[in-house]
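Asks: Whatever this is, show me its structure:
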Amino acid sequence: MTGAAIYVRISDDRESEELGIIRQEQDGRALAATLGLPVYRVYPDNDRGASTRSRKARPGYDAMLADARAGRIGTVVAYSSSRLTRRPREHEGQIELAERHGVRFAYVRSPSFDLNTADGRQVARILAATDAAEAERLGERVQRESRQRAEQGRNHGGQRGYGFSPIGEVDPVEAAVIRKATGLVLAGISLRSIAADLNTAGTPTATGRRWSGATLKDALVKPRNAGIAVHDGVEVGRLPGEPILTREEWSTVVDKLTDGARRSNVGRPPTWLGSGIFRCVCGAVLDVGPRQAYRCRSLRAGAGGGGHVRRSAPALDAFVSAVIVERLARPDAVDLFTPARPEVDAPALRRQASALRARKAELSKMLGDGDLDAAEFATAKRANDAKLAAVEAELAAAVDTSPLAPLLGADDVRAVWEGLSLGQRRAVVDTLVTVTVLPATRKGRGFDPTSVRIESAYSGT
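Replies: As a prediction, this is how the structure comes out:
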């Protein structure tokens, strides 16, 4: 007498406790004992669906079929026919097992039927159609409920979004973080610098972990920040209540953070004011190396030629900071600030920008397909890039916040400067001036301010 196979399956086990399949195995063994069948093997598929909508493989089910075809199994025991499958095609495979190999099926809860008879096969096919329809109706209900939850702003799967409670209400503390981070991004401050400041302040993510550039980007580009309800990647309406960001703010920060040309914010955040910003007289940028000294990146790489410089990082940072503070404390400092332009038709500009980016990709494809030669491609690309740059500049002017804004008009510019994060101060430097370090002209170990050239990005200032 060949043994019995006990097949056990549960479609949803999020906690990975496997309690459902343990109970099914107990009931299956009891039925096998009642039928007087020795158990050959138990075939489990935990957290696996069996409907036409399921995409996960079922290794337990496949192994059971292989053993049945090899003659190792005479009876398949399952809790119900729907535990085996909800797919009509797989029911036909079971019928084939019965007809070719004499395999019988026994269920703890489903009615008994013999697949070796016409009546039994009819019952099996009716159950198969019923199970498939039930699974599809369940899937439709779940999909509709998920869309409704999205439209209401409630969590509809996965981790809750930063800035919102699980029921979709705006969290005022986290919303303030999103607003501030958005303003900093629009002011040109890098994600990794903002993330470092959040970690220093002890501000956790939605999961209680430390921030990275990637997690911060994910939090800022969520459509729900602008009150947009999205389901399956499609906008389905407006969320109730006041959004955290205006649509223009959100759209602009998304454009900045999803630009394909944007450098990935990887690695450690900078710890000095001018690393990667200040320049050597040769034109290369300066990095901070051992002994807290700026040194030319070309010199560090072993490039030949003379004129490369080294300079004390604390002394150079202090000098540049003093120059910045002095300039922004002047009465005419407000002239450096260009306010946002709300009269700009930002949605139309975004559409133009998207079309120009698509055109850029199209030109590359035409070059690859041989429809354009190199010269034609270069000419068309220059014209397209110029148009895109103009549109992006106009769009940025509608929303962007200048990194200088907190300092302009302040009663105590130095106090405000010292209260800014390093990322904010770096953005101010990068926006306002170009710092070039020249070879020292005087002997001695002291800092020589005449060996530093600071040029304003604003003419006449």
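
Asks: what sits against residue 426?
Replies: Applying Cβ atoms under 8 Å, 6 or more residues apart in numbering, we find residue 426 in contact with 189, 193, 270, 273, 274, 277. No exception for glycine: its C-beta is placed from N, CA and C like everyone else's.

Asks: Same list, those residues, but as JSON lines with distance to residue 316 please.
Replies: Supplementary listing: the contacts of residue 426 in JSON lines, determined by distance: Cβ to Cβ, whole Å:
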{"residue": "189", "distance to residue 316": "21"}
{"residue": "193", "distance to residue 316": "19"}
{"residue": "270", "distance to residue 316": "14"}
{"residue": "273", "distance to residue 316": "8"}
{"residue": "274", "distance to residue 316": "7"}
{"residue": "277", "distance to residue 316": "11"}
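
Asks: How about residue 209, nearest residue that isn't a chain neighbour?
Replies: residue 215 (7.7 Å; Cβ to Cβ, 6 or more residues apart in numbering).

Asks: what's the burial count for that neighbour?
Replies: Look at residue 215: counted by other Cβ atoms under 10 Å, it has 18 neighbours.

Asks: in the stretch 201-350 of the chain, which spans are helices?
Replies: Here the stretch 201-350 of the chain has its helices, by DSSP state H, counting those that start in this stretch, at 213-220, 247-257, 297-300, 313-328, 346-369.

Asks: lowest-confidence helix or strand of this structure?
Replies: Lowest on mean pLDDT, DSSP states H and E among the helices and strands of the chain sits helix 118-151, with a mean of 63.

Asks: Tell me which helix or strand comes right after that one.
Replies: Past helix 118-151, further along toward the C-terminus, the next helix or strand under DSSP states H and E is helix 172-186.

Asks: Mind listing what's buried along that following helix?
Replies: 174, 175, 177, 178, 181, 182, 183, 184, 185, 186 (16 or more other Cβ atoms under 10 Å).

Asks: And for stretch 187-205?
Replies: Within stretch 187-205, judged by 16+ other Cβ under 10 Å, the buried ones are 187-199, 205.

Asks: Dump stretch 420-435 to PDB, restricted to CA.
Replies: Output of stretch 420-435 as PDB, limited to C-alpha atoms (Å, rounded to 0.1, in the frame of the first residue of the first chain):
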ATOM      1  CA  LEU A 420      22.700  77.300  10.700                       C
ATOM      2  CA  SER A 421      23.600  73.700  10.000                       C
ATOM      3  CA  LEU A 422      26.800  73.000   8.100                       C
ATOM      4  CA  GLY A 423      24.800  72.000   5.100                       C
ATOM      5  CA  GLN A 424      23.000  75.400   5.100                       C
ATOM      6  CA  ARG A 425      26.300  77.300   5.500                       C
ATOM      7  CA  ARG A 426      27.900  75.400   2.600                       C
ATOM      8  CA  ALA A 427      24.900  76.200   0.400                       C
ATOM      9  CA  VAL A 428      25.300  79.900   1.300                       C
ATOM     10  CA  VAL A 429      29.000  79.800   0.300                       C
ATOM     11  CA  ASP A 430      28.300  77.900  -2.900                       C
ATOM     12  CA  THR A 431      25.600  80.400  -3.800                       C
ATOM     13  CA  LEU A 432      27.300  83.600  -2.800                       C
ATOM     14  CA  VAL A 433      31.100  83.300  -3.600                       C
ATOM     15  CA  THR A 434      33.900  81.500  -5.300                       C
ATOM     16  CA  VAL A 435      36.800  80.800  -3.000                       C
END
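
Asks: From the chain's centroid, how far away is that stretch?
Replies: Chain-centre distance of stretch 420-435: 27 Å, with Cα atoms, centre = their mean, to the nearest Å.

Asks: low pLDDT regions in the stretch 151-300 of the chain?
Replies: Within the stretch 151-300 of the chain, the stretches falling below the threshold (pLDDT under 70) are 151-158, 231-234, 236, 259-269, 299-300.

Asks: Check residue 342 and give its pLDDT.
Replies: Residue 342 is assigned a pLDDT of 55 by the prediction.

Asks: Run a quick neighbour tally on the residue lying closest to residue 243 once chain neighbours are set aside.
Replies: The spatially closest residue to residue 243, leaving aside those adjacent along the chain, is residue 227, at 3.3 Å (Cβ to Cβ, 6+ apart). Residue neighbour count, defined by other Cβ under 10 Å, stands at 20 for residue 227.

Asks: What backbone torsions are found at the nearest residue to residue 123 once chain neighbours are set aside?
Replies: Closest residue to residue 123 in three dimensions, ignoring its sequence neighbours and counting by Cβ to Cβ, 6+ apart: residue 113, at 4.2 Å. As for residue 113, its main-chain torsions (degrees, to the nearest 10) stand at phi -150, psi 150.

Asks: tell me the contacts of residue 113?
Replies: Taking Cβ under 8 Å, 6+ apart as the contact definition, residue 113 lies against 105, 119, 120, 123, 124.

Asks: Let me see the contact set for the third one.
Replies: By Cβ under 8 Å, 6+ apart, the contact set of residue 120 is 113, 114.

Asks: same thing but 10 Å
Replies: With Cβ atoms under 10 Å, 6 or more residues apart in numbering as the criterion, the residues that contact residue 120 are 95, 98, 104, 105, 112, 113, 114.

Asks: So of the contacts of residue 113, which two are at opposite extremes in space?
Replies: Within these, 105 and 119 form the most distant pair, 14.3 Å apart (Cβ to Cβ).

Asks: Compare the two (neighbour count), which wins?
Replies: Higher neighbour count among residue 105 and residue 119: residue 105, with 23 against 9, using other Cβ under 10 Å.

Asks: and that one, which of the three is it?
Replies: The three-state label for residue 105, taken from DSSP: H, G, I helix; E, B strand; the rest coil, comes out as strand.

Asks: From here on, call the first residue 43.
Replies: Fine by me, first position is 43 from now on; the one you just mentioned is residue 147.

Asks: helix, strand or coil for the closest residue to it other than its chain neighbours?
Replies: Take residue 147 and drop its neighbours on the chain: the residue closest to it by Cβ to Cβ, 6+ apart is residue 118, 5.0 Å away. Recorded secondary structure, residue 118: strand (three-state DSSP).
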